[in-house]
Each structure stands twice: as C-alpha cells, then as structure tokens.
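Visitor: Let's see this in three dimensions:
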Amino acid sequence: MPVVHPSSRPELTSHVRVTFDRVREQHLLLAPEAVSVLNPTGAAILELCDGRRSVAEIVQELRGRYEHVAPGDVAQFLTRLIGKRYLEVRDA
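Guide: Numbers count the residues shown, from 1 in each chain. This is a model prediction of the structure:
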C-alpha cells in the first residue's frame, strides 16, 4: 500500500479527470472504464491535487472551508486513489 506523507504532492494521472454532471448535480471521477461519484469533500480534495500543493497544504486549505478536517482521513482517501492509479505523488 502506498504511503502518503504531509510533504507528498498528489496530482491526477493523465488518464483521469474530475467533472461535474449538471444533470445529476454530482461530481464524478472519470477513468477508463470506471466512473466514481464523489461527495463534495472528495471533489474539494481532488480539485486541490494539482502536483504543486503538498498534502499538508491541501489539509490547511480544507480547514479554511470545513469545520472538521482530519489529516488522516485525507491521507487515507488519497492513498486509496493512488492504489487505484488515479493519483500519482511526488515527494518533496
């Protein structure tokens, strides 16, 4: 299982994208032969995964938007997506 560190800089892989389905009013993660429905928090995390921000910076940004943000929950979410090869990370 991949490890996500506070200094890791995640970004979507080239074959994955996040979009908003206006008809269903849902955020979607689109990958070859797979579609995942994202909740608003998951979509907010992925919109910040640009390869420039570290996981610590993403958590800090989320804390400005949401009342409760657990760094471990963010890391766990990112780890699952890395395992599916939807995200890649660079370590600083």
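Visitor: Please count neighbours and contacts with C-alpha atoms only from this point.
Guide: Will do.
Visitor: Show me where this structure has its helices.
Guide: 40-47, 55-65, 71-83 (DSSP state H).
Visitor: want to try CSV for these, with distance to residue 12, mean neighbour count and mean pLDDT as columns?
Guide: Shown next, in CSV, are the helices of the chain (distance: least, CA to CA, whole Å; neighbours: other CA atoms under 10 Å; pLDDT from 0 to 100):
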stretch, distance to residue 12, mean neighbour count, mean pLDDT
helix 40-47, 8, 16, 96
helix 55-65, 14, 17, 96
helix 71-83, 9, 17, 95
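Visitor: how about residue 70, what does it touch?
Guide: Residue 70 makes contact with residue 59 under the criterion CA atoms under 8 Å, 6 or more residues apart in numbering.
Visitor: can you tell me how far it sits from residue 87?
Guide: Look at residue 70 and residue 87: by CA to CA, to the nearest Å, they are 20 Å apart.
Visitor: still on that earlier bit, residue 15 is nearest to which of the helices of the chain?
Guide: Residue 15 lies closest to helix 71-83 among these, at 13.0 Å (CA to CA).
Visitor: Centre of the chain to the closest one, how far?
Guide: 8 Å (CA atoms, centre = their mean, to the nearest Å).
Visitor: the inter-axis angle of it versus helix 40-47?
Guide: 70 degrees (axes from the mean of the first three to the mean of the last three CA atoms, to 10 degrees).
Visitor: which other residues reach helix 71-83?
Guide: By CA under 8 Å, 6+ apart, helix 71-83 touches 1-5, 10, 42, 45, 55-56, 59, 87-89.
Visitor: what's the spacing between stretch 14-21 and its chain's center?
Guide: Distance, centroid of stretch 14-21 to centroid of chain: 11 Å (CA atoms, centre = their mean).
Visitor: how about the CA coordinates for that stretch, as PDB?
Guide: The C-alpha trace of stretch 14-21 is given here as PDB (Å, rounded to 0.1, in the frame of the first residue of the first chain):
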ATOM      1  CA  SER A  14      -3.200  11.800 -17.200                       C
ATOM      2  CA  HIS A  15      -6.000   9.300 -17.900                       C
ATOM      3  CA  VAL A  16      -8.200  10.600 -15.000                       C
ATOM      4  CA  ARG A  17     -10.300  13.700 -14.700                       C
ATOM      5  CA  VAL A  18     -12.900  15.200 -12.300                       C
ATOM      6  CA  THR A  19     -16.000  16.700 -13.700                       C
ATOM      7  CA  PHE A  20     -19.400  18.000 -12.500                       C
ATOM      8  CA  ASP A  21     -22.500  16.300 -14.000                       C
END
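Visitor: Many thanks, have a good one.
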